[in-house]
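Student: Kindly return the folded structure for what I paste below:
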Amino acid sequence: MNIEEFREFCLSLKGVIESTPFDDNTLVMKVMSKVFAIADINKFESINVKCEPETAIELRERYGSVTAGYHMNKKHWNTIAIAGELSDKEIKHWILHSYHLVVSKLTKKEKSELNEL
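Tutor: Now for the predicted structure:
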């Protein structure tokens, strides 16, 4: 997976927008203003994705390429190395998991707005 494939996959999900709120290198993917994935544009070596706390720990224990979220809440975020043992299909699965986790936490109003898109 490269940065363009990452962007295209994330942007293919309903209600997703991209921004660079921190600096010109940090790409942030949001659904209804809530962050679900982050990556470095110039040095695309890993991504940060949200995860259920128990699952986050399981993934870190199972895969060497999954660590606690870099500069994120370690309980809820994982950093996944792109060149690790996870396939692109598995990485997309965890991006999608993060997206759905964030969507599940949206307010009723935000969910309604998302459904109308």
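
Student: Helices of this structure, residue ranges please.
Tutor: Along the chain, the segments classed as helices by DSSP state H run 3-11, 53-62, 88-104, 108-116.

Student: Bridging across strands, which residues link to the closest residue to residue 72 other than its chain neighbours?
Tutor: Leaving aside its chain neighbours, residue 72 sits nearest to residue 48 (5.5 Å; criterion: CB to CB, 6 or more residues apart in numbering). All C-beta spots, glycine's among them, are computed from the backbone N, C-alpha and C. Note on residue 48: beta-bridge partners residue 38, residue 79, judged by DSSP bridges.

Student: Touching, residue 48 and residue 37? I think so.
Tutor: Yes: taking contacts as CB atoms under 8 Å, residue 48 lies within contact range of residue 37: 6.8 Å.

Student: Those two - which one has more neighbours?
Tutor: Neighbours were counted for residue 48 and for residue 37 using other CB atoms under 10 Å; residue 37 has more, 28 against 24.

Student: What residue, apart from its backbone neighbours, is nearest the more buried one spatially?
Tutor: residue 29 (4.2 Å).

Student: Adding mean neighbour count, write the helices of the chain out as CSV.
Tutor: Shown next, in CSV, are those (neighbours: other CB atoms under 10 Å):
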stretch, mean neighbour count
helix 3-11, 16
helix 53-62, 14
helix 88-104, 17
helix 108-116, 11
